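Trainee: here are the coordinates; sequence isn't available:
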Ligand SMILES: Cc1ncc(COP(=O)(O)O)c(C=O)c1O
């Protein structure tokens, strides 16, 4: 006999995170962790069983009839993330960017139009330029407010794509309002939820239909794998995604699925700590004369603070600040002077990172263009799990050097 101690229906998120997608107790005992099931080939007891599983899969069930579909390790991770995001079903992809591409290709066809917030993770525009435009699909980048969304929806609009808070400047959107406008027109809404790790924010509970995460970041939490996850809110969307997922041959290795699941078990405690450290650093940065503005929605004077308080349970470790009067070369010298912050593009691991935002990326954001900050270098910081006092000391000595001290 095989049993699982699934969470009770009223279990709280921290309990659900540990008790969803767990290993079964077979014949009375079993491991705490789900085994890593690596395989390319799935073998069947007989031809009738082979045919049965193929039919069930074709009818939309999550049945593995080939290694590419992912076996127990993958299924456990999918279940746990779908539960975290309060969705119907999750799909794994080999990177966050491929998860974004999966959503775009699953929901858009030649002649279709999609509205995309102008502040989303920038490489989406590369998918647009290199792939979607060739397929006759039009993406239009808009300021993500209700008035603009209402104005720009057309008869051909088939998707609204958002990110909250936005990449680089952590601008909040009013998701329930925007999702309500799209819903009235029957248009699905996808949200990149990577910043919150799915722990502090569940877009599907606020009207979105698809939540995308780069599991590369907080879900893995240790900077040791690449992965993306899409969670959908309904069987109908699951069927559409399943077809494109299968057609693209998207798959994730069992070892990476295992590592993501292992990371997921400590997501809540890691994010609580990232939040505490990041808030201390953000508040300290606000006191520095060489800082023009700090972008972090947990700060009470951040323009998105009220929406963040309403829609999020906390803030992660990713923030940015604009220098008051340094040029790009001085900002780069500041980064080079840091001791504990690695210079690197990803984030969401245990360690602190710093990277200057490319000005051409910032200019894509209407908030940036209209906010009077154009020309000032912006530094993105991922605040890790080091002692925040050491991180503040490190930033302080880099500011000292900037002053020529
Ligand atoms: C908000 C956001 N979404 C998606 C991605 C893409 O994830 P990946 O690097 O796993 O492709 C990133 C990567 O930095 C990101 O910051």
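Mentor: Structure's in. What do you need? Every value quoted in this text rests on a predicted model; they were computed, and no experiment measured them.
Trainee: List the residues that contact the closest residue to the ligand within the chain.
Mentor: Nearest residue of the chain to the ligand (Cβ to the nearest ligand atom) works out as residue 96 at 2.2 Å. Yep, even glycine has a C-beta here, placed from its N, CA and C like the rest. Taking Cβ atoms under 8 Å, 6 or more residues apart in numbering as the criterion, residue 96 is in contact with 121, 194, 212, 213, 214, 215, 216, 217, 226, 227, 228.
Trainee: near the ligand, which of those residues show up?
Mentor: Taking Cβ under 6 Å from any ligand atom as the test, the ligand is in contact with 121, 194, 214, 216, 226, 228 out of these.
Trainee: How many residues are close by the third one?
Mentor: Residues near residue 214, counting by other Cβ atoms under 10 Å, number 28.
Trainee: which non-adjacent residue is nearest it?
Mentor: residue 96 (2.4 Å; Cβ to Cβ, 6 or more residues apart in numbering).
Trainee: Same check on the last one?
Mentor: In this structure, residue 228 finds its nearest non-sequential neighbour in residue 99, 2.8 Å apart by Cβ to Cβ, 6+ apart.
Trainee: Can you point out the buried residues in the host helix or strand of that neighbour?
Mentor: Secondary structure assignment for residue 99, by DSSP states H and E: helix 96-107. Buried residues in helix 96-107, counted by 16 or more other Cβ atoms under 10 Å: 96, 97, 98, 99, 100, 101, 102, 103, 104, 105, 106, 107.
Trainee: got the contact list for residue 262?
Mentor: By Cβ under 8 Å, 6+ apart, the neighbours of residue 262 are residue 33.
Trainee: In a helix, it, correct?
Mentor: Yes. Judged by DSSP: H, G, I helix; E, B strand; the rest coil, residue 262 forms part of a helix.
Trainee: Tell me how the protein divides into domains.
Mentor: 13-260, 267-402 (automatic domain parsing).
Trainee: Any chance of the ones you listed in a markdown table with mean pLDDT and distance to residue 6 as columns?
Mentor: Converted to a markdown table, these look like this (pLDDT from 0 to 100; distance: least, Cβ to Cβ, whole Å):
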| stretch | mean pLDDT | distance to residue 6 |
| --- | --- | --- |
| domain 13-260 | 97 | 7 |
| domain 267-402 | 95 | 19 |
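Trainee: Distance to residue 4 added to these, as a markdown table?
Mentor: Conversion of the domains of the chain to a markdown table gives the following (distance: least, Cβ to Cβ, whole Å):
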| stretch | distance to residue 4 |
| --- | --- |
| domain 13-260 | 5 |
| domain 267-402 | 20 |
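Trainee: Enumerate the residues of the stretch 101-250 of the chain near the ligand.
Mentor: Counting by Cβ under 6 Å from any ligand atom, the stretch 101-250 of the chain sits next to the ligand at 121, 167, 192, 194, 214, 216, 226, 228.
Trainee: Now the two most distant members of these.
Mentor: Comparing every pair within these by Cβ to Cβ identifies 167 and 226 as the most remote, at 17.6 Å.
Trainee: Show me what secondary structure element comes after the strand or helix carrying residue 80.
Mentor: Assigned by DSSP H and E, residue 80 falls within helix 72-84. Toward the C-terminal end, the helix or strand that comes next after helix 72-84 (DSSP H and E) is strand 89-93.
Trainee: Report all helices and strands that that next one contacts.
Mentor: Applying 3 or more Cβ pairs under 8 Å, 6 or more residues apart in numbering; DSSP states H and E, we find strand 89-93 packed against helix 72-84, helix 96-107, strand 228-232, helix 235-248.
Trainee: Many thanks, have a good one.
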